[in-house]
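**Q** My questions concern the predicted model and sequence given below.
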Amino acid sequence: MAQIVSIIGITHNPFMPRLFQQPQQPPGAAKVKERIAMMRQKLAEAKVDVLVCIGNDHLHQFFMDNMPAFMIGKMDQYDGTFHDEEREFGIPKCKLIGDLDTSDAIMEGAFDRGVDFSYSNELTIDHSIVVPMMFVRPEMDIPIVPILTNCIAPPMPRPRRYYEVGKALRAAIDSLPTNKRIGVLVSGHLSLEIGGPKMFEPKFTDPNFDANAVGWIVNGNIDAAADACAPDKVIQYGNMTTGYLNFIMMMGLANSTKPSYAEGLDAGWPAIPFFSYENPK
């Protein structure tokens, strides 16, 4: 059977790749790059055969005429990214290898466990997967299975559903009839404001939420996470804090076990998440 040998949770902040190439960088950049290097090393040491990449669409592939809750890509190769992200963020176009057989098997296994994924045979992926790959596997030489969520356009699936989908994904992966070593790369946010009045404040958006959010993952406390991230509550922590829902899915994938590393890094701007699990049970 397949084995999940590594789970990594990380930011997909699209401003960072260009920032790290500037001659003048904010003081906290060195700490961020140090943590990214640590995560890159963890993934390298896991020697994964396939990388399940969980991110969220940013109104590129999904839009109001067709807004899936959860979608899986089924292709041998994926293009990244979109023109606006090249223009605005300097994210280069790239191609990522797909694993169609594993995508099919995970989708079928999820069907058997009560999760009806949408799927795409014509998927272009944006910075929610491209940026994490640039950080932890810049060679982009590991075949991927991309899974996109809707965590930005209301109405969204409820927090506990993200956890349930994560559990179903874990069971589907554990039952794959293969000896492949599976890694999972999840991107999301802690508290975050985009386009609102808190966006460029040089501090944490909501430090209390950030501390609690890391603690829920450390303690596997899905009840507290689901309650705090309910639609009528989560907006008060920042208008894009719903990106944390992807990490609730990560909790389900990890069976609520304790991560080996968990941090909301204070680097002088909104807290940057770093999570890792090695051989999660």
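**A** Noted; the coordinates are in hand. Since the model is a prediction, treat every value here as computed from it, not as a measurement. Numbering: from 1, shown residues only.
**Q** Which strand or helix spans residue 108?
**A** For residue 108, the host element (DSSP states H and E) is helix 100-111.
**Q** Equivalent analysis for residue 183, please.
**A** Per DSSP H and E, residue 183 falls inside strand 181-187.
**Q** List the contacts of the closest residue in space to residue 112 that isn't next to it in sequence.
**A** Counting by Cβ to Cβ, 6 or more residues apart in numbering, residue 112 lies nearest to residue 172, which is 7.5 Å off, once chain neighbours are set aside. Glycine gets a C-beta too; all of them are placed from N, C-alpha and C. Contact analysis of residue 172 by Cβ atoms under 8 Å, 6 or more residues apart in numbering lists 105, 106, 108, 109, 110, 112, 113.
**Q** doesn't residue 168 make contact with the fifth one?
**A** Yes. Assessed by Cβ atoms under 8 Å, residue 110 is found in contact with residue 168 at 5.2 Å.
**Q** related to what we said a few turns ago, tell me which residues are up against the helix holding residue 108.
**A** Counting by Cβ under 8 Å, 6+ apart, 50, 52, 72-76, 116-117, 119, 143, 145, 165, 168-169, 171-173, 175-178, 180 sit against helix 100-111.
**Q** Not counting stretch 32-40 itself, show me its contacts.
**A** Defining contact as Cβ under 8 Å, 6+ apart, one finds that stretch 32-40 is touched by 8, 10, 16, 20, 135-138, 261, 263, 265, 267, 272, 274, 276.
**Q** Mark which of these are buried, thanks.
**A** Among these, those buried by neighbour count (16 or more other Cβ atoms under 10 Å) are 8, 10, 16, 135, 136, 137, 261, 265, 267, 272, 274, 276.
**Q** pLDDT score assigned to the third one?
**A** We note a pLDDT of 93 for residue 16 in this prediction.
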